[in-house]
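Novice: curious how this folds, go ahead:
(2 chains)
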Amino acid sequence: NAGVMQNPRHLVRRRGQEARLRCSPMKGHSHVYWYRQLPEEGLKFMVYLQKENIIDESGMPKERFSAEFPKEGPSILRIQQVVRGDSAAYFCASSPAGILNGYTFGSGTRLTVV
Amino acid sequence: RKEVEQDPGPFNVPEGATVAFNCTYSNSASQSFFWYRQDCRKEPKLLMSVYSSGNEDGRFTAQLNRASQYISLLIRDSKLSDSATYLCVVNGREGAQKLVFGQGTRLTINP
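Specialist: Now for the predicted structure:
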């Protein structure tokens, strides 16, 4: 009974490259959430998705960032033309339906932009 | 005003002590409340939900005061393994599906 799976665990990109972060929710969970944690800061909401739908993207930067959760396969957070300020831990969480019992987080992807 | 505010600490207490954290939230319509724990360079993990009547889980007690929009966490007989950052979490302003995290309170238990 695997938990929320994120990969890669660590990702190094040069400025201007693209970063793709993947998240497979727990079995039976249809809601996926992405959060970003900058060094020494709290978690900031980015986007909430259900299968094939973006429900709330109010925390996503207007440019360079996109997210999807296709019918088949993991959810993808894509960052184009990365900059040093994108260096952070990106956590994905999933829930079965709603947040009544909180989320379960994956172990995160640590992105370093050099 | 931040949606969820916590004293960042750090709190340094001796093993066996009782320690309490507080948190305030700005959205009076919030319905879901949690405490999460985050170890250094790890993902946050759900510690406990917080119910209106207050609830206890072993050495941990959580309380909610809706009138004051205030949440607390009490840890009794603290252990070295309790050292972590404790995150106060409420559902977000725009709707129930988004959780908003406080910045966290760092706790270190000393032997």
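
Novice: going by C-alpha atoms from here, please, whenever you check contacts or count neighbours.
Specialist: OK.

Novice: nearest to chain B: which residue in chain A?
Specialist: For chain A and chain B, the shortest gap (C-alpha to the nearest C-alpha) falls at A:Gly42, measuring 4.2 Å.

Novice: which one is A:Asp86 nearest to, not counting chain neighbours?
Specialist: A:Val113 (6.9 Å; C-alpha to C-alpha, 6 or more residues apart in numbering or on different chains).

Novice: hey, what's the one you found bridged with?
Specialist: Legend: beta-bridge partners of A:Val113 under DSSP bridges are A:Arg13.

Novice: any idea how far the host helix or strand of A:Cys92 is from the chain center?
Specialist: Using DSSP states H and E, A:Cys92 sits within strand A:88-95. Relative to the centre of its chain, strand A:88-95 is centred 5 Å away, using C-alpha atoms, centre = their mean, to the nearest Å.

Novice: what of stretch B:40-56?
Specialist: On the basis of C-alpha atoms, centre = their mean, stretch B:40-56 sits 6 Å off its chain's mean C-alpha point.

Novice: give me the average confidence score over it.
Specialist: Across stretch B:40-56, the average pLDDT comes to 93.

Novice: okay, A:Thr104 and B:Val4: tell me how far apart.
Specialist: 20 Å (C-alpha to C-alpha, to the nearest Å).

Novice: next one: B:Tyr25
Specialist: 4 Å.

Novice: overlap of the contact sets of these two?
Specialist: Residues touching both B:Tyr25 and B:Val4 (C-alpha atoms under 8 Å, 6 or more residues apart in numbering or on different chains) are B:Val90.

Novice: assess the claim that A:His31 and A:Cys92 are in contact.
Specialist: No: judged on C-alpha atoms under 8 Å, A:His31 makes no contact with A:Cys92 at a distance of 10.4 Å.

Novice: which one's more surrounded, these two?
Specialist: Using other C-alpha atoms under 10 Å in any protein chain shown as the criterion, A:His31 and A:Cys92 rank with A:Cys92 on top: 32 against 23.
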